[in-house]
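Engineer: A structural model of the following input is requested.
(4 chains)
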Number of protein chains: 2
Amino acid sequence: MSQERSRHGGRNGQSVAASSTTSEERVIAAVNDEEPRWLSTMEQRAWRAHLTAHKLLEHRLDRDLQTFGLSVNDYEILVNLSESAEHRMRMSDLADATIQSRSRLSHQISRMEAAGLVARETCVDDRRGTFAVLTEHGWATIQQVAPHHVASVRQHFIDLLTDDQLRELEAAYSPVVTHLKSLR
Amino acid sequence: MSQERSRHGGRNGQSVAASSTTSEERVIAAVNDEEPRWLSTMEQRAWRAHLTAHKLLEHRLDRDLQTFGLSVNDYEILVNLSESAEHRMRMSDLADATIQSRSRLSHQISRMEAAGLVARETCVDDRRGTFAVLTEHGWATIQQVAPHHVASVRQHFIDLLTDDQLRELEAAYSPVVTHLKSLR
DNA sequence: CCGGAATAGTTGAATCTTCATCCATGTTGA
DNA sequence: TCAACATGGATGAAGATTCAACTATTCCGG
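Structural biologist: Residues are numbered from 1 along each chain as shown, chains lettered A, B, ... in the order given. Model (predicted):
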């Protein structure tokens, strides 16, 4: 397990070397010094509700998409491409849009390429670059699947909330997204 | 890719056999017949905010835990065990509590066992059963790591929301969780 | 009490993700 | 102009997750 590849393996968070401290070590020290601010009951409920809902939802949507031989990740890539000009995106933009590493996307696109859903095209302007492009089959697939996927999202999520709740949700997550994107 | 292992591979959602239809096929037919109810702008914003926030959050928390050689999944298992009587849980209860398949949990526990965080004990009452038990090292680990993890959750999520928003969040997700659990 | 079905959990192979590294191209500044 | 460096992306191995068996035990109807 991940224990083995700990970047701090064997030194347990305490600096052994001279007096130099990294910012990470200062953060750890700060937490070690203070009484932990545990979550209140309400905070815990909200946090666990988020986690639980997400896991169940992701699982259900994956199941529903499986009927069409797609994963949620496949679907999101197809959507992004289908919404882009000329049904194409640069690999790194697509990686950013779908929030995954370039490496992961590269493997992912290779698989989708093998399945005939997308194709790669090298970029003429910047010859390092690659475009992922929707194929005919990819375009047909997303058009066929999208209504079903939207129906799933409604059935298992959207339609269970009021408009106010949806607005609240977006308002609540917005700053979280902004904050986390600033850290990348 | 998953395209290959489609459970409906090659027949594209249309029944070929006589007149029998599965419930799944009826659902597909229902969507095919109706005009899709696409998401409104607001609905899409809420849905995408949820997805984006979750991905970024999960990634950040994983990074923060990596400092201690743990994944979020490791952490959740340790928490569950540490909150249980005698620091032990039956495998299937633990799988349910952490919302993962028995198979996945079994592999997961094997890895954590190799890392010395937990141990397996066979259940005496029901000799098919197995307990996952926290080891001394597992207990020490969760005690050391928990304050840091809570600090991360606060910093990247809880402390960015108001109390009202947290309450709203829980209220919004509650029915989703209930609904999805009823489907499993 | 027996035989079949259900339950608890494990296993190995296949798939997917992460990590580290690498190659090719582009950018910068001396 | 050219040597460093940065960027875009690909790759292979290692780690994690899923899928489809499979074993061992328990439960249940007759």
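Engineer: How much space separates the residue most central in space within chain A from A:N80?
Structural biologist: Geometric centre of chain A, nearest residue: A:I99, 4.4 Å, by CA atoms, centre = their mean. The gap separating A:I99 from A:N80 is 11 Å, by CB to CB, to the nearest Å. In this view, the C-beta of every residue, glycine as well, is placed from N, C-alpha and C.
Engineer: quick one: common contacting residues for these two?
Structural biologist: Residues touching both A:I99 and A:N80 (CB atoms under 8 Å, 6 or more residues apart in numbering or on different chains): none.
Engineer: Helix, strand, or coil at the residue nearest to the centre of chain A?
Structural biologist: coil (DSSP: H, G, I helix; E, B strand; the rest coil).
Engineer: Quick check on it: phi, psi?
Structural biologist: Main-chain dihedrals, A:I99, degrees, to the nearest 10: phi 50, psi 60.
Engineer: can you tell me which residues contact A:E34?
Structural biologist: Going by CB under 8 Å, 6+ apart, the list of residues near A:E34 is empty.
Engineer: Look at it and report its pLDDT.
Structural biologist: Per-residue pLDDT puts A:E34 at 77.
Engineer: Same check on A:S19?
Structural biologist: At A:S19, pLDDT is 39.
Engineer: what's the answer for A:D74, then?
Structural biologist: For A:D74, pLDDT reads 98.
Engineer: and if you look at A:R154?
Structural biologist: Here the pLDDT value assigned to A:R154 is 98.
Engineer: ok, and the closest non-adjacent residue to the residue nearest to the centre of chain A?
Structural biologist: Nearest residue to A:I99, sequence neighbours excluded (CB to CB, 6 or more residues apart in numbering or on different chains): B:K55, at 4.5 Å.
Engineer: Assess the claim that the one you found and A:A97 are in contact.
Structural biologist: No - using CB atoms under 8 Å, B:K55 makes no contact with A:A97, being 11.3 Å away.
Engineer: residues in contact with the residue nearest to the centre of chain A?
Structural biologist: If you count contacts by CB under 8 Å, 6+ apart, then A:I99 has B:52, B:55-56, B:59 around it.
Engineer: Next, work out how far apart it and B:V118 are.
Structural biologist: Taking CB to CB, one finds A:I99 at 31 Å from B:V118.
Engineer: And A:D74, by the same measure?
Structural biologist: If you go by CB to CB, the gap between A:D74 and B:V118 works out to 34 Å.
Engineer: Equivalent analysis for A:I109, please.
Structural biologist: Computed as CB to CB, the A:I109 to B:V118 distance reads 38 Å.
Engineer: Equivalent analysis for A:A46, please.
Structural biologist: 28 Å.
Engineer: more crowded one of the two?
Structural biologist: Neighbours per residue (other CB atoms under 10 Å in any protein chain shown) separate A:A46 from B:V118, with B:V118 holding more: 29 against 26.
Engineer: The more buried one is in contact with B:M112, isn't it?
Structural biologist: Yes - look at B:V118 against B:M112 with CB under 8 Å: they come within range, at 4.8 Å.
Engineer: Below-threshold pLDDT in chain A: ranges please.
Structural biologist: Scanning chain A for pLDDT under 70 picks out the ranges A:1-30, A:32-33.
Engineer: hey, where'd the strands end up in it?
Structural biologist: For chain A, the strands defined by DSSP state E cover A:88-90, A:118-122, A:130-134.
Engineer: I'd like those strands written out as a markdown table, with distance to DNA strand C added.
Structural biologist: Conversion of the strands of chain A to a markdown table gives the following (distance: least, CB to the nearest atom of the strand, whole Å):
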| stretch | distance to DNA strand C |
| --- | --- |
| strand A:88-90 | 13 |
| strand A:118-122 | 9 |
| strand A:130-134 | 11 |
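Engineer: most packed of the ones you listed?
Structural biologist: Stretch with highest mean neighbour count among these: strand A:130-134 (a mean of 22; mean count of other CB atoms under 10 Å in any protein chain shown).
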